[in-house]
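**Q** Here is a sequence with its predicted model. Questions after.
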Amino acid sequence: MPFLRVRHRVVAAFARSMFAMVSVTRLPPSMAKEAMGFASIAKAAQEASPLCYTSSTRGSYSRHVRGLKGGYSSVAGESAPDKSGEAVQDPMSMSLSAVVTQGLGVPKEVVEGLAKERGISVYWNIDEGAAEPPANPTALIMVNKKTGGDYLKKLGPKMVAVAFTGYDAVDMKACKEEKIAVYNVPAYSTDSVAELAIGLTLAVYREIPVSDRSIREGKWVVSSGGTELKGKTVGIMGTGSIGVATAKLYKAFGCKLIGWSRTEKKDFLDLGGTYVKTKKELFAGSDVVSLHVPCNAKTMGCVGEEELSQLNPSAVLINVGRGGLIQQEVLSKMLHAKKFRAGLDVFAQEPVDPKDPILTAPNCVLTPHVAYKTTEALARRVQVTLDNIVSFSKGSDTNRVDTKE
């Protein structure tokens, strides 16, 4: 039986290789019948053994993407139905185009396959020396790399598809002047971000990083003891979808919830949360403050000395939102003075300058902007980003953000 299983996987892998070749190659009529036969074998093999068609380094993403709407296989030269019965577009008849300027955290072939299903031709413009992208594409796909007006004017996209929830890296003024629409991907990483907020809180409270370093250095006793999360008051600054998701997790740990937000949300109140009137009041009344407001012209630097000075030395500030929300120079100075503790995933400048004093601040745990970065979230992000391009082409404003500025 094991032999048959191995042989099946080998045959399946070979058939899928042929299928991939057929998918991107126009074959002469004399070879079409044979090629279609290989494609049929590949499709059957994929359905029979869905997890063996990718290498182990890509399987994780492929499994999650395959769980989303649509597959990502087709036969060149015809519109083949996917498992949902919808036609998969012939790549030669694609009418939409997208220039990608940053890696999306998912293998290129997966992105290209999903794009092909939606009639989108993808051009990669990430590495130096890459071919010059076509002018005036339907979309520019980017993540969080600063994208200025000069580049936008040169490329001339009709829309910017931000593969991220935050879109502060886009020159919104230039987009308005050039009449370029901007779309983002909300909610794709809600659970991922919320979970890291809890992870950072526990890492600070239970001294996990320093404990790990100590035991590797041959030490055993780290401190007089960590801190329990149960019973603590957690202040949620911004009770949108991520703020509420984070509040639910803190609630599960037995925490009391207070919140500050532009609008009061029923979901937060239903958790037993209560709202305070000012940020200052939120910081003064919390053992843990977790930031979840969007970063824009109105909120940039909205957390400064007035708010941070309300925290006591045992308090913990968690930021898995945007680095620009906090006045980082003030934050760094107060952390070095041990005014409070912190768990930070985002920073004013990313990557962080090696000389930035935030890197040597005591009593804080730092991660390199990875809150959103799980295989599940990245798979969802790619799908929604591509769907946004299709939506734009159909005149839909779903997930459009430039009209909100």
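**A** Sure thing, it's come through. For clarity, every value in this text was computed on a predicted model and none was experimentally measured.
**Q** which SS class is residue 307?
**A** When classified by DSSP: H, G, I helix; E, B strand; the rest coil, residue 307 comes out as helix.
**Q** secondary structure element for the closest residue in space to residue 183 that isn't next to it in sequence?
**A** Nearest residue to residue 183, sequence neighbours excluded (C-beta to C-beta, 6 or more residues apart in numbering): residue 388, at 4.1 Å. Yep, even glycine has a C-beta here, placed from its N, CA and C like the rest. According to DSSP states H and E, residue 388 maps onto helix 375-393.
**Q** From residue 235, how far off is the residue nearest to residue 183?
**A** Distance, residue 388 to residue 235, by C-beta to C-beta, to the nearest Å: 33 Å.
**Q** And residue 297, what's its pLDDT?
**A** Looking at residue 297, its pLDDT stands at 87.
**Q** right, I mislabeled it, should have said residue 292
**A** As predicted, residue 292 sits at a pLDDT of 97.
**Q** Can you report how many residues lie near it?
**A** 27 (other C-beta atoms under 10 Å).
**Q** So the residue nearest to residue 248 when sequence neighbours are not counted versus residue 237, what's the distance?
**A** Nearest residue to residue 248 in three dimensions, chain neighbours excluded: residue 271, at 6.3 Å (C-beta to C-beta, 6+ apart). Using C-beta to C-beta, one gets 15 Å for the distance from residue 271 to residue 237.
**Q** Looking at those two, which one has more neighbours?
**A** Taking neighbours as other C-beta under 10 Å, residue 271 and residue 237 compare with residue 237 leading, 27 against 17.
**Q** need the contact list for the more buried one.
**A** 243, 259-261, 279, 282, 289-293, 303 (C-beta atoms under 8 Å, 6 or more residues apart in numbering).
**Q** can you tell me which of those residues are in helices?
**A** Per DSSP state H, helices hold the following members of the contacts of residue 237: 243, 279, 282.
**Q** Can you tell me which of the residues you listed has the most neighbours?
**A** residue 243 (28 neighbours).
**Q** Surely it and residue 260 touch.
**A** No. At 9.8 Å, residue 243 and residue 260 do not qualify as touching, with contact defined as C-beta atoms under 8 Å.
**Q** Now list whatever residues contact both of those two.
**A** Common neighbours of residue 243 and residue 260 (criterion: C-beta under 8 Å, 6+ apart): 236-237.
**Q** Can you tell me the SS state at residue 176?
**A** helix.
**Q** Okay, it and residue 160: tell me how far apart.
**A** Taking C-beta to C-beta as the measure, residue 176 falls 12 Å from residue 160.
**Q** With residue 302 instead?
**A** In terms of C-beta to C-beta, residue 302 sits 25 Å off from residue 160.
**Q** try residue 336
**A** Distance from residue 336 to residue 160, counting by C-beta to C-beta: 38 Å.
**Q** These two: which is more packed in?
**A** Taking neighbours as other C-beta under 10 Å, residue 336 and residue 160 compare with residue 160 leading, 28 against 15.
**Q** hang on, the more buried one in a strand?
**A** Yes. Secondary structure assignment places residue 160 in a strand (three-state DSSP).
**Q** so who does it touch?
**A** So residue 160 contacts 139-140, 142, 147, 152, 170, 175, 180-183 (C-beta under 8 Å, 6+ apart).
**Q** Relative to residue 373, which of those is nearest.
**A** Nearest to residue 373 among the contacts of residue 160 is residue 142, at 16.2 Å by C-beta to C-beta.
**Q** List the residues that contact the closest one.
**A** Per C-beta under 8 Å, 6+ apart, neighbours of residue 142: 100-102, 160-163, 169-170.
**Q** As JSON lines, these with distance to residue 113 and pLDDT would be great.
**A** Shown next, in JSON lines, are those (distance: C-beta to C-beta, whole Å; pLDDT from 0 to 100):
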{"residue": "100", "distance to residue 113": "14", "pLDDT": "97"}
{"residue": "101", "distance to residue 113": "20", "pLDDT": "95"}
{"residue": "102", "distance to residue 113": "19", "pLDDT": "95"}
{"residue": "160", "distance to residue 113": "23", "pLDDT": "98"}
{"residue": "161", "distance to residue 113": "17", "pLDDT": "98"}
{"residue": "162", "distance to residue 113": "21", "pLDDT": "98"}
{"residue": "163", "distance to residue 113": "16", "pLDDT": "97"}
{"residue": "169", "distance to residue 113": "27", "pLDDT": "93"}
{"residue": "170", "distance to residue 113": "27", "pLDDT": "96"}
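**Q** Type out the ChimeraX command that picks the buried ones from those.
**A** A single ChimeraX command suffices to select whichever of these are buried according to 16 or more other C-beta atoms under 10 Å:
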select :100,101,102,160,161,162,163,169,170
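**Q** Just give me the closest of the contacts of residue 142 to residue 193.
**A** Closest approach between the contacts of residue 142 and residue 193, by C-beta to C-beta: residue 163, at 15.2 Å.
**Q** how much space between the residue nearest to residue 248 and residue 251?
**A** Using C-beta to C-beta, we find residue 271 at a distance of 5 Å from residue 251.
**Q** shared neighbours, these two?
**A** Common contacts of residue 271 and residue 251, defined by C-beta under 8 Å, 6+ apart, comprise residue 257.
**Q** hang on, the earlier thing: with neighbour numbers in mind, choose between residue 388 and residue 235.
**A** For residue 388 versus residue 235, the count of surrounding residues by other C-beta under 10 Å is larger for residue 235: 30 against 26.
**Q** Kindly state the beta-bridge partners for that one.
**A** residue 258, residue 289 (DSSP bridges).
**Q** which residues touch it?
**A** 258-260, 276, 282-283, 285-286, 288-290.
**Q** Kindly tell me how buried residue 108 is, as a neighbour count.
**A** 13.
**Q** wait, what's in contact with it?
**A** Contacts for residue 108 (C-beta under 8 Å, 6+ apart) come out as residue 124.
**Q** what do you get for the one 10 residues further on?
**A** Residues in contact with residue 118, defined by C-beta under 8 Å, 6+ apart, are 89, 96, 386-387, 389-390.
**Q** Also residue 314?
**A** Counted by C-beta under 8 Å, 6+ apart, residue 314 has contacts 227, 287, 340-341.
**Q** Please repeat the previous calculation with a cut-off of 10 Å.
**A** Contacts for residue 314 (C-beta atoms under 10 Å, 6 or more residues apart in numbering) come out as 205, 227, 232, 287, 340-341, 363.
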